[in-house]
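[1] Here is the input, now give the coordinates:
(chains A and B)
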Amino acid sequence: MLVAGGVLPETLLPEIRRWKVSCRVPPLGDCFRVMSITSSSADFAVALRDIRFSWPGQARPVLDIAELLIRPGERVFLSGPSGGGKSTLLGLIAGILLPERGSVTVGGTALHTLGAPARDRFRGAEIGFIFQQFNLVPYLSMIENVLIPCHLSPRRRARALQRADTLQEAAAHLLARLDLAPALWQRPVRRLSVGQQQRVAAARALIGAPPLLIADEPSSALDADSRDVFLKLLLGECALAGASLLFVSHDAALAGAFPTALRLDDLNAAPREETP
Amino acid sequence: MRRFWYLASLARKSAWNRRGTLALVVLCIALSTLLLLGIERIRGQIRENFVQAVSGVDLVAGARGGSIQLMLYAVFHLGGATNNMGWESAQRIAAHRDVAWTIPLSLGDSHKGYPVVATSPDFFGRYRFRADRRIEFTAGRAFDALFDVVVGAEVARKLGYRPGSPLVLSHGNSETLLAEHADKPFVVSGVLAPTGTPVDRALYISLAAMEAIHLDWQGGAPVPGFRVRADQVRKFDLTPKSITALLVGLKSRSRVFALQREIGGWKEEALMGVMPGVAMDQLWRMLDTGERALLLISALVTLTGLAGLASAILAGLGERRRELAILRSAGARPLDILFLLACEGVMLVFAGIVAGLLGLVLLLLGIGPMLAERYGIVLYFSWPGREECLLLGSIVAAGFLTSLIPAWRAYRISLSDGLTLST
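    Okay, here's the model as predicted:
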C-alpha cells in the first residue's frame, strides 16, 4: 500500500489520488477504505464517486473528485483554502447542487437520482448543518432556533421525540449538554456571544439525531479558547450520537483533533484558479 | 399542514421583528383601505340621498316635456321652470280611483337664493325620503296662517331663522332680481330637521299664500296701479290656477303603468307621468362619472400602498438571506420560502385592512353625527355590504399578488444561494 516517490504515468494519477486519501487515515481505516473501493456506496455515510461539477457558463470545473468516502460515525476534517470549492462540495453532499456526472450517495440514498423536493426533504431529515457565523434566526428564541429542523422535517421531529417527551425538553437537554445554562435561554439570540451562538447552532444540527453533521467553518469566528471548547463539545456530542461529522475549515491546525483529516486539494483534480 | 402553520408563525414572528419598518407599510395600506371604503360608503350614501330624495311617490305628474327636467325642477328645484299643469287636471288625478293621495308643488319664487315651494300641508306628513324616513320639525309646526312659512334645515342654519322670524320672498329664482313681495311679509312657523335632500334648502308656503302674493302680479311684474294689501287677500279666491307638478301615491303600485298611460293620453291637457325611480337613476348615471373618478383615484392610492408593501419586503430580503439559507439547510424547500414570504405579505395586507376598517369605524363615529346634523348625510356604522366586500376582497387579492413579487425574489435567491451565506 505504499507509493514510492518518482515519476508515475499520467494514467495512474486518479488511482494515486485515491491512495493519498488513504495515506492520511490510520492503518485500520486505511484497509477498510481500500476495501471500500469495491464495496457498495450504501455502506458509507457519504460516498462521492467520479464527481465533476462546474458552475453554469464556466468551462473549467470547480470540482473533479474521483472518490470521497466517509464511514458511518467517522469524524472527518476537510481543509482547503477559501475559494477552493469547499462550499460547492458541501452543496453537493447536501443535495442543493447536482453534479454534472458521478454519484452522490449519503446514508445509502443516491441523491443524484432524486428530484429537488426529495433532496430537500432528505437534507432536512438526515443532515445537520452548522455555518460559519450568524447561524441563528434573529427573531426566534434559543429553543425555537434549535427546533427549526423538527418543524420542517417530520423524521427529525419523530427522532427527537423518541428521546424526550416534548420537543422543548429535547432542545433543553441538548442546550444544557452544550454548556448553555437555562438562564440564557430567554435571552434574545442576538445578544449571545459568538461562541454561545455557535453552540446553539450545534444543538440545532444535533437535534433529531441526523446521521450526518456538516460544519462549514464553524469555528473560524471564535477565539482560540471558545474554539477549543466548541470543538470538544461538538466532537463529544457526535461521538455520543454516533453521527458522522464532516468538518470543513481552512485552518489546518484543527486537524489534530480529528481521527481523519483530508485536504480538498488532494481530492480535487480540477485545476485551481490562479489568483494573482 | 403542520409545516404551513409553522411557516406562517415564522412569517408572523419575522414581521413582528421588523415592526418598526413594516408599521409604515401597514399604515399605508390602512389609509388606502380607509380611503377606498370611505369613498365607497360616502358615494353610496350620496347616491342613496340623491336617488331617494323623494321616495314612496309612484308618479310625478306635470306638463308634458322632458322627464328629467321635470324631476330636476320639481324635486331638486334646479333648472328652468317647466310648463305648469292646470289645477283641474291635478284635481282630476287626485280623484282618480287608483290614487291614494297627491301632493301639489308649485315653484317659481325664491328667498335669498333658496327656492320657495308652495304645497299643501299634507306635504309634511306624506313626503318620504330614503326608504321610509319622514320629515320632522326641529322647531315650530307646519304653516297654518296664510303668511306662514316653513324653512328647511340649511335655510334656517344659514340665515338664522327660528319660529317667529319675519322674511320677505322674492319673485323669480334669481337672487339679483330685486322684485320682492315686500308688501306681504311671511313669518316662520316651523323649522325642519336636516334630511340630506333638497328639502333642507327650500322654504315651504301654502298654495293659497303663493296665490295671494301674486294677486297683483302679472307676467313676472306687479300690475301698475293695482295693489292688494295683505289684509285684503282673503276676499279673493285663493284657489291656484295651475301648479308645477303633482306627486302621486297609488293605492296599488301595480297600477302605475296604467295611470302613467292614462295621464299621458289625456286630450284636455298635454301631461305626462314620470316614475321617480327611473328618472333618478337616469340622472344619477349622468352624475356618477365624477364619483367613479374618485373611486379610481382611491384604487390608485391602494396600488401605491401595495407597491410600498412589495418594496419594503424586497428591501428587507438582502439582510434575510442568511435566515433563508438557515431554513434551507434545515430542509425548507424553495417553495416553502415562497410561501413564507407570500404569507408575510398577506398578513401585512390583512393587518392594514383591519386597521383601515377600525379607522373607518372611528371616523364614522367621530364625524358621523356632525355630517348627519349639518348635511343630513347619515354615515351609520354597518357591516360591509356586497360592494364593500368586493372591494376588500380585491385589496386582499391585489395584496396577495403583490406579495408574490418579493416571494418570487426570495425563491430565486434561495435557489441560487443554496446554503452559502454571503457575508
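
[2] only C-alpha atoms for contact and neighbour calcs from this point on.
    OK.

[3] shaky segments in the stretch 101-250 of chain B?
    B:173-178, B:219-221 (pLDDT under 70).

[4] For the longest helix seen in chain A, buried residues please.
    Secondary structure of chain A per DSSP state H: the longest helix is helix A:224-241. Using 16 or more other CA atoms under 10 Å in any protein chain shown as the test for burial, helix A:224-241 gives A:226-227, A:230-231, A:233-235, A:237-238.

[5] Report pLDDT for residue B:344.
    We have a pLDDT of 90 for residue B:344.

[6] can you redo the buried residues of helix A:224-241 as TSV with pLDDT and distance to residue B:272?
    Listed next are the buried residues of helix A:224-241 as TSV, based on pLDDT from 0 to 100; distance: CA to CA, whole Å:
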residue	pLDDT	distance to residue B:272
A:226	83	99
A:227	85	99
A:230	86	98
A:231	89	100
A:233	87	99
A:234	89	97
A:235	90	100
A:237	87	98
A:238	89	98
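
[7] Show me which of the residues you listed is closest to residue A:174.
    residue A:237 (9.1 Å; CA to CA).

[8] Can you tell me the closest non-neighbouring residue to the closest one?
    residue A:206 (7.9 Å; CA to CA, 6 or more residues apart in numbering or on different chains).

[9] Pull the number of nearby residues for the one you found.
    28 (other CA atoms under 10 Å in any protein chain shown).

[10] for residue A:167, same thing?
    Neighbours of residue A:167 (other CA under 10 Å): 23.

[11] coming back round to it: for the longest helix of chain A, give me every contacting residue.
    For helix A:224-241, the surrounding residues in contact (CA atoms under 8 Å, 6 or more residues apart in numbering or on different chains) are A:73, A:75, A:178, A:195, A:198-199, A:202, A:206, A:209, A:219-220, A:244-245.

[12] And for stretch B:266-279?
    Against stretch B:266-279 from outside (CA under 8 Å, 6+ apart): B:51-52, B:54-55, B:57-65, B:67-68, B:71, B:85-86, B:89, B:259-261, B:263-265.

[13] May I see the buried residues of that stretch?
    Buried residues in stretch B:266-279 (16+ other CA under 10 Å): B:270-277, B:279.

[14] if you average pLDDT over it, what comes out?
    Averaging pLDDT residue by residue across stretch B:266-279 gives 88.

[15] confidence score at the closest residue to chain A within chain B?
    Shortest chain B-to-chain A distance, computed as CA to the nearest CA: residue-wise this is residue B:331, at 3.5 Å. Per-residue confidence (pLDDT) for residue B:331: 84.

[16] how many other residues sit next to the spatially closest residue to it that is not a sequence neighbour?
    Leaving out its chain neighbours, the residue that sits closest to residue B:331 by CA to CA, 6+ apart is residue A:124, at 3.5 Å. Residue A:124 sits with 30 neighbouring residues when counted by other CA under 10 Å.

[17] Residue A:83 now?
    11.

[18] One more: the one 4 residues further on?
    A total of 18 residues lie near residue A:87 under the criterion other CA under 10 Å.

[19] how far away is it from chain B?
    For residue A:87, the distance to chain B (CA to the nearest CA, to the nearest Å) stands at 7 Å.

[20] Checking my notes, that residue in a helix, right?
    Yes - according to DSSP: H, G, I helix; E, B strand; the rest coil, residue A:87 belongs to a helix.

[21] Need the max-distance pair from the buried residues of stretch B:266-279.
    B:270 and B:277 (22.3 Å).

[22] in which helix or strand would I find the residue of the stretch 1-150 of chain A at minimum distance from chain B?
    Residue nearest to chain B within the stretch 1-150 of chain A: residue A:124 (3.5 Å; CA to the nearest CA). Assigned by DSSP states H and E, residue A:124 belongs to helix A:116-126.

[23] Under a three-state scheme, what state does the closest residue to residue A:130 other than its chain neighbours occupy?
    The shortest distance from residue A:130 to any non-neighbouring residue, by CA to CA, 6+ apart, is to residue A:215 (4.6 Å). Secondary structure, three-state DSSP: residue A:215 is strand.

[24] shouldn't residue B:6 be in contact with residue A:149?
    No - look at residue B:6 against residue A:149 with CA atoms under 8 Å: they stay out of range, at 11.1 Å.

[25] Specify which residue of these two has the higher count of neighbours.
    Neighbours per residue (other CA under 10 Å) separate residue B:6 from residue A:149, with residue A:149 holding more: 31 against 15.

[26] OK, contacts around that one?
    A:124-125, A:156-157, A:204, A:207-208, B:330-331.

[27] Around chain B, which positions in chain A sit nearby?
    Counting by CA under 8 Å from any CA of the partner chain, the residues of chain A close to chain B are A:87, A:91, A:94, A:96-97, A:117, A:120-125, A:127-129, A:131, A:134-137, A:139-140, A:148-149, A:151-153.

[28] rerun at 6 Å
    Proximity of chain A to chain B, by CA under 6 Å from any CA of the partner chain, involves residues A:96, A:120-121, A:123-124, A:137, A:139, A:149, A:152.

[29] And the furthest pair within those?
    So for these, where distance means CA to CA, the most widely separated pair is A:96 and A:139, at 25.4 Å.

[30] residues contacting the residue nearest to residue B:104 when sequence neighbours are not counted?
    Using CA to CA, 6+ apart and skipping the chain neighbours, the partner closest in space to residue B:104 is residue B:246 (4.5 Å). Contact analysis of residue B:246 by CA atoms under 6 Å, 6 or more residues apart in numbering or on different chains lists B:60-61, B:103-105.
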